[in-house]
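Student: Please work out how this folds:
(2 chains)
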Amino acid sequence: MSNSVKFRLNGAEMTYTENPAMRLLDALREGYLLTGTKCGCKEGECGACSVIVNGQLYNSCLVAMGSLEGAEVMTIEGFSKTERFAVLEKAYQEVSAVQCGFCIPGMVLASECLLASNPHPTEEEIRVGISGNLCRCTGYNSIVAAVGIAAQKGEGLW
Amino acid sequence: MVTSVFAHSLKEALEYRRNPKWIPYCGGTDLMVEGDEGAAYLFVNQVPEMRKILVEDNRLRLGAAVTFTEILNAAEVPQILKEAMGDIAAPAIRNAGSIGGNIGNGSAKADSALVFMVADADLRLASADGERILPIKDFYLGRKHLALKPDELIVEVIMPYKGLENYYYQKVGARDALAISRLSFAGIMELEGDKIKNFATAFGAVADVILRPKEIDAIMIGKTLEEAKALKEEYLKAIDAFIVPIRGRVSVEYRKDVAMNLLKDFLEVKGL
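Tutor: Below you'll find the model as predicted:
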């Protein structure tokens, strides 16, 4: 593969020439200095490293850079510039759905992916949508409420 | 230094596969848990021939690189497989994980493989020198021991498209999202008129490989429900003797009890 991977990162063309076996998580944090993506468990259990690849939620700890040829990757840094993010941010604030904040970048991207495929989720569907993202502070109820509020307030955005 | 290779086509992937040093990489959800940065991967996640879902000659063909999410969203896929896929982990894992990886990982806990076993699916295996069709039951030789030659790739799963509607599926795990099966069971009873046309069971995470007691299940085939009911005790006894659980995180006794309870529930739910 001549050790080069062409992909888009938050809309910008990138050519990655380092080790193809490196985790996307490590490349994001250490190579591209995008530290909004958090490292929790490195085994796909916690969701802190969630990013969006080709419109779908992925655990960046379980993605090797070499698999990303032609892919579109969006991290919380890229998503934070969108109108949808502004709605989610406000909703999370409204019900104090953020405590320590470590899970939040992943939670917000999981919320985005859920709403993108299901703009009017039921409470149960919200819980399934964020089921791969662990939060040790909130007990989830406020996060579930925040996603519900975002769905209402952001009517038409998703 | 080329440390990994990316395949654009099946032909290219199989050429690379002549060299056993490349590790086939599809979704990465199992491989990357190890996260070996020295690994030499053969990326097959975008090989077009391994990404198809299609119905041909009344058989469903699923490319090995098809993800769990894609299976959940495909109209052609039988409900039993969708139910098992929906129970796998959480959305991010389902978006990445592939059926080829789930099968090739060789685990007796593989949720998709359990359904492929009970459905008596075939695997299409290919190498640069040719290809063959192998019943999935013959693919698993022992713990992490597969009938896959060093130069072969799993290209497709080929399974029945009909006759799987009257099914039973249960997975017993510790936590809903991400739970690895402690035990799983799938059963199919297909009726034609008042006779049992097909009767199949499979037990996951009980032994080193997924158990598929085909010969024992066969005693139910061709029988009426009444005749099958009369055979129930004999059948249960035979399965009880057939299942020899391994000790893992849970005890042998627990595995055996749960396996037999799920089987009995399947029979009851289906009127036997």
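Student: Could you give the average pLDDT over the helix or strand encompassing residue A:110?
Tutor: With secondary structure defined by DSSP states H and E, residue A:110 is part of helix A:104-117. The average of the pLDDT scores along helix A:104-117 is 98.
Student: gap between that helix and the chain center?
Tutor: The chain centre lies 6 Å from the centre of helix A:104-117; the measure is Cα atoms, centre = their mean, to the nearest Å.
Student: per-residue confidence averaged over the helix or strand following that helix?
Tutor: Following helix A:104-117 in sequence order, the next helix or strand is helix A:123-129 (DSSP H and E). When pLDDT is averaged over helix A:123-129, the result is 96.
Student: Could I get the buried residue list for helix A:123-129?
Tutor: For helix A:123-129, the neighbour count (16 or more other Cβ atoms under 10 Å in any protein chain shown) marks A:126-129 as buried. Every residue, glycine included, has its C-beta placed from N, CA and C.
Student: likewise stretch B:11-24?
Tutor: Buried residues in stretch B:11-24, counted by 16+ other Cβ under 10 Å: B:13-14, B:16-17, B:22, B:24.
Student: Was I right to think residue B:203 contacts residue B:185?
Tutor: Yes: if you go by Cβ atoms under 8 Å, residue B:203 and residue B:185 touch, sitting 5.7 Å apart.
Student: Can you list the buried residues in the helix holding residue A:110?
Tutor: Buried, per 16+ other Cβ under 10 Å, within helix A:104-117: A:104-115, A:117.
Student: again with stretch B:85-95
Tutor: B:85, B:87-95.
Student: Relative to residue B:131, which of the residues you listed is nearest.
Tutor: residue B:85 (26.0 Å; Cβ to Cβ).
Student: Report the spatially closest residue to that closest one, excluding sequence-adjacent ones.
Tutor: Nearest residue to residue B:85, sequence neighbours excluded (Cβ to Cβ, 6 or more residues apart in numbering or on different chains): residue B:68, at 4.5 Å.
Student: Torsion angles phi and psi at that neighbour?
Tutor: Main-chain torsions, residue B:68, degrees, to the nearest 10: phi -60, psi -40.
Student: is residue B:158 in a bridge, and if so with what?
Tutor: residue B:61, residue B:122 (DSSP bridges).
Student: three-state assignment of residue A:30?
Tutor: Under DSSP: H, G, I helix; E, B strand; the rest coil, residue A:30 falls in the helix class.
Student: That one: neighbouring residues, count only.
Tutor: Look at residue A:30: counted by other Cβ atoms under 10 Å in any protein chain shown, it has 13 neighbours.
Student: Now render the buried residues of helix A:104-117 as JSON lines, adding distance to chain B.
Tutor: As requested, the buried residues of helix A:104-117 are exported to JSON lines (distance: Cβ to the nearest Cβ, whole Å):
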{"residue": "A:104", "distance to chain B": "16"}
{"residue": "A:105", "distance to chain B": "13"}
{"residue": "A:106", "distance to chain B": "9"}
{"residue": "A:107", "distance to chain B": "12"}
{"residue": "A:108", "distance to chain B": "14"}
{"residue": "A:109", "distance to chain B": "9"}
{"residue": "A:110", "distance to chain B": "7"}
{"residue": "A:111", "distance to chain B": "11"}
{"residue": "A:112", "distance to chain B": "12"}
{"residue": "A:113", "distance to chain B": "7"}
{"residue": "A:114", "distance to chain B": "8"}
{"residue": "A:115", "distance to chain B": "13"}
{"residue": "A:117", "distance to chain B": "9"}
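Student: any idea which of those residues is closest to residue A:56?
Tutor: residue A:113 (6.5 Å).
Student: Run through chain B and note the low-pLDDT ranges.
Tutor: Flagging of chain B using pLDDT under 70 yields the residue ranges B:1-2, B:174-181.
Student: Does stretch A:146-158 reach chain B?
Tutor: No: with Cβ under 8 Å from any Cβ of the partner chain as the criterion, chain B is not reached by stretch A:146-158; the gap is at least 13.5 Å.
Student: Centre of the chain to that stretch, how far?
Tutor: 17 Å.
Student: Can I get that stretch in CSV? Just the C-alpha atoms.
Tutor: Presented in CSV, the C-alpha positions along stretch A:146-158 are these (Å, rounded to 0.1, in the frame of the first residue of the first chain):
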residue,chain,number,x,y,z
ALA,A,146,-30.7,15.9,26.7
VAL,A,147,-30.9,13.8,23.5
GLY,A,148,-34.7,14.0,23.7
ILE,A,149,-34.6,17.8,24.1
ALA,A,150,-32.1,18.1,21.2
ALA,A,151,-34.5,16.1,19.0
GLN,A,152,-37.3,18.5,19.8
LYS,A,153,-35.4,21.8,19.7
GLY,A,154,-33.5,20.7,16.6
GLU,A,155,-36.6,19.8,14.6
GLY,A,156,-35.7,19.7,11.0
LEU,A,157,-31.9,19.7,11.5
TRP,A,158,-31.8,15.9,11.5
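Student: Okay, strands next: where are they in chain A?
Tutor: For chain A, the strands defined by DSSP state E occupy A:5-9, A:12-16, A:50-53, A:56-59, A:72-74.
Student: for the stretch 51-200 of chain B, same thing?
Tutor: For the stretch 51-200 of chain B, strands defined by DSSP state E, counting those that start in this stretch occupy the ranges B:53-56, B:59-63, B:122-127, B:130-135, B:140-142, B:145-146, B:153-160, B:167-172, B:183-192, B:195-204.
Student: any chance of the ones you listed in CSV, plus mean neighbour count?
Tutor: Formatted as CSV, the strands of the stretch 51-200 of chain B follow (neighbours: other Cβ atoms under 10 Å in any protein chain shown):
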stretch, mean neighbour count
strand B:53-56, 13
strand B:59-63, 22
strand B:122-127, 21
strand B:130-135, 13
strand B:140-142, 16
strand B:145-146, 14
strand B:153-160, 24
strand B:167-172, 21
strand B:183-192, 23
strand B:195-204, 22
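Student: Surely residue B:120 is in contact with residue B:137?
Tutor: Yes: using Cβ under 8 Å, residue B:120 makes contact with residue B:137 at a distance of 7.1 Å.
Student: how near is the residue nearest the centre of chain A to residue A:23?
Tutor: Central residue of chain A (Cα atoms, centre = their mean): residue A:109, 3.2 Å from the mean position. Residue A:109 is 17 Å from residue A:23, where distance means Cβ to Cβ, to the nearest Å.
Student: measure residue A:60 to chain B for me?
Tutor: Distance, residue A:60 to chain B, using Cβ to the nearest Cβ, to the nearest Å: 9 Å.
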